[in-house]
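Participant: Need coordinates for the below:
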Amino acid sequence: MTLKEAVSARQEELLRSLQESIRIPSAEGPAEEGAPYGREVRRCLDHALATAEALGLTCGRMDQQVGWCEYGDGEEMVAVVGHLDVVPAGEGWTFDPFGGEIRDGKVFGRGAMDDKGPTVAAMYALAALRDTGLPLRRRIRLLLGTNEETGSQDMKYYRAHGGELPVLGFTPDGEYPVINGEKGIINATFRKTYCQTGPVRLTRLTGGSAPNVTPASAAAEIACPPETAAEIAARSAEKVRCTATDTGVLVEALGVSAHGSTPELGENAIGRLMAFLKGVPLSGGAAEAVAFLADRLGMETDGASLGIALEDDVSGKLTLNWGTAEADEGALSLCINYRYPVTKRFEDCAPQLEAAFREAGFTLEKQVHKPSLYVPEDSELVQTLLAVYARETGLPARPLSIGGGTYAKALPNVVAFGPIFPGDEVREHKPDEFIEVEKLMKNAQIIAEAMYQLAK
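Facilitator: So this is what the prediction gives:
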């Protein structure tokens with residue numbers, strides 16, 4: 001039996017396991033005993049390991065942070081690194097985001113593409129490789145991550161507590177042919193406290209579901225006299241709706257969701273809301289905060305008004321995504337996700353951004369930084385994966401640089417390899433996320449061959 005035949009023979013099992021995984025809503029939740037990223041993430045990890053054990057793979061886990069399954073006896077280890085956590089479902093779905101429905105040759109659900117589909121495919125690819133009995137000199141380990149979407153703290157824990165590191169590896173959480181460059185990623189959370197003394201007050205504001213998702217909706221509640229509410233409601237703005245309330249007016253803004261690495265493909269609802277609120281007669285620090293955010297952040301996606309519009313020839317422009325915002329009568333907080341080019345540094349952008357917010361009265365409350373990654377094209381790892389892709393698809397194979405961040409930054413000797421093929425629409429982090437059954441199986445075959453070539 002060939003490796004391709006072994007993979008194809010497990011298609012029905014693979015699809016069933018993926019559907020079961022999608023049905024577990026494994027977005028990060030409150031930490032609990034034995035569930036550092038919430039009970040649903042823990043439940044998804046338990047399911048994955050039970051599936052791997054049923055496949056006859058050797059399994060292990062480290063303090064509910066990371067699980068793994070593996071095959072082979074070699075001292076050196078090749079890693080495939082996937083993740084089971086997902087971003088929140090968000091709005092705009094026509095399918096159940098946690099239903100795992102298969103229709104018209106597609107599997108729908110949050111995580112179908114990012115990253116449960118490729119991770120489950122890798123698990124069955126590993127079992128298929130075992131089924132063939134092909135000789136290997138290196139052991140292959142599929143690492144099952146649980147915190148990729150909100151900081152990769154799981155892999156930091158794995159490394160800090162003696163987790164085995166790969167000599168070569170890849171994460172099926174990017175694009176084909178191979179991603180050998182990833183922009184640096186910074187999540188920065190700012191907060192400003194203020195007083196409001198006038199008759200028009202911002203009482204509540206919400207927008208966004210995660211820093212790395214362009215928000216599709218945002219809303220603000222304004223307390224004000226009836227005549228002011230009428231004046232606000234009479235204003236017109238694209239994709240902004242005003243509704244009278246018992247205490248004033250509700251302002252709702254719509255946008256278009258997109259992945260935080262490509263915010264230019266979306267429309268930021270929070271930025272749109274701020275532009276509208278700038279024309280509302282707020283007072284004191286609330287008015288100052290709104291004006292600053294509307295003018296210096298707004299719906300921009302390159303950081304130009306904040307003085308951080310960096311660019312290089314390898315990976316292109318800096319991208320900036322205003323992911324979340326929340327406010328009440330006394331404070332406003334927000335989180336920005338921005339990504340700087342692979343040849344630039346943290347020092348080229350972060351201090352400038354912080355200074356601009358500090359001058360506007362904001363305090364930097366939290367900052368998470370993942371440095372940029374670049375693996376030379378002529379390395380053994382990149383060349384092997386390029387060759388596998390070219391052979392399996394018959395398509396040209398040149399490496400890419402991206403704005404998205406993957407587990408390749410979390411472990412040494414790892415790059416991103418698949419699952420998105422050239423020309424595919426971006427569907428991760430968006431409503432009605434899906435993966436085609438045909439491409440899911442093609443990924444399983446490519447992953448199996450890549451495992452073999454790296455481990456033989």
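
Participant: Which residue ranges of this structure form helices?
Facilitator: Assigned by DSSP state H, the helices in the chain fall at 3-8, 11-22, 39-54, 116-132, 153-160, 226-234, 269-277, 284-296, 350-359, 380-393, 437-455.

Participant: ok now do the residue nearest the centre of the chain, which residues does it touch?
Facilitator: Taking Cα atoms, centre = their mean, the centroid of the chain lies closest to E149, which sits 4.7 Å from it. Contact analysis of E149 by Cβ atoms under 8 Å, 6 or more residues apart in numbering lists 27-28, 83, 85-87, 210, 212. Just so you know, the C-beta spots here come from the backbone N, C-alpha and C atoms, and that holds for glycine as well.

Participant: quick one: which of the helices of the chain is nearest A331?
Facilitator: A331 lies closest, by Cβ to Cβ, to one member of the helices of the chain: helix 284-296, at 9.2 Å.

Participant: one step back: quick one: which of the helices of the chain has the weakest pLDDT on average?
Facilitator: The minimum mean pLDDT among the helices of the chain belongs to helix 226-234 (a mean of 93).

Participant: For G298, the count of nearby residues, please.
Facilitator: Close neighbours of G298, defined as other Cβ atoms under 10 Å, add up to 17.

Participant: Also L144?
Facilitator: Neighbours of L144 using other Cβ under 10 Å come to 25.

Participant: so it touches V66, yeah?
Facilitator: Yes. With contact defined as Cβ atoms under 8 Å, L144 reaches V66; the gap is 6.6 Å.

Participant: now K430, nearest residue through space, not along the chain?
Facilitator: Computed as Cβ to Cβ, 6 or more residues apart in numbering, the closest residue to K430 that is not its neighbour in sequence is S257, at 5.4 Å.

Participant: From the centre of this protein, give me the residue that's furthest out.
Facilitator: Furthest out from the centre of the chain (Cα atoms, centre = their mean) sits E227, at 43.9 Å.

Participant: ok, E148 - contacts?
Facilitator: Contacts of E148 (Cβ under 8 Å, 6+ apart): 83, 85, 115, 154-155, 173, 406-407.

Participant: now the helices of the chain as a markdown table including distance to V368?
Facilitator: Shown next, in a markdown table, are these (distance: least, Cβ to Cβ, whole Å):
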| stretch | distance to V368 |
| --- | --- |
| helix 3-8 | 37 |
| helix 11-22 | 27 |
| helix 39-54 | 18 |
| helix 116-132 | 23 |
| helix 153-160 | 9 |
| helix 226-234 | 37 |
| helix 269-277 | 20 |
| helix 284-296 | 21 |
| helix 350-359 | 11 |
| helix 380-393 | 27 |
| helix 437-455 | 29 |
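
Participant: what's the closest of these to G99?
Facilitator: helix 11-22 (7.3 Å).
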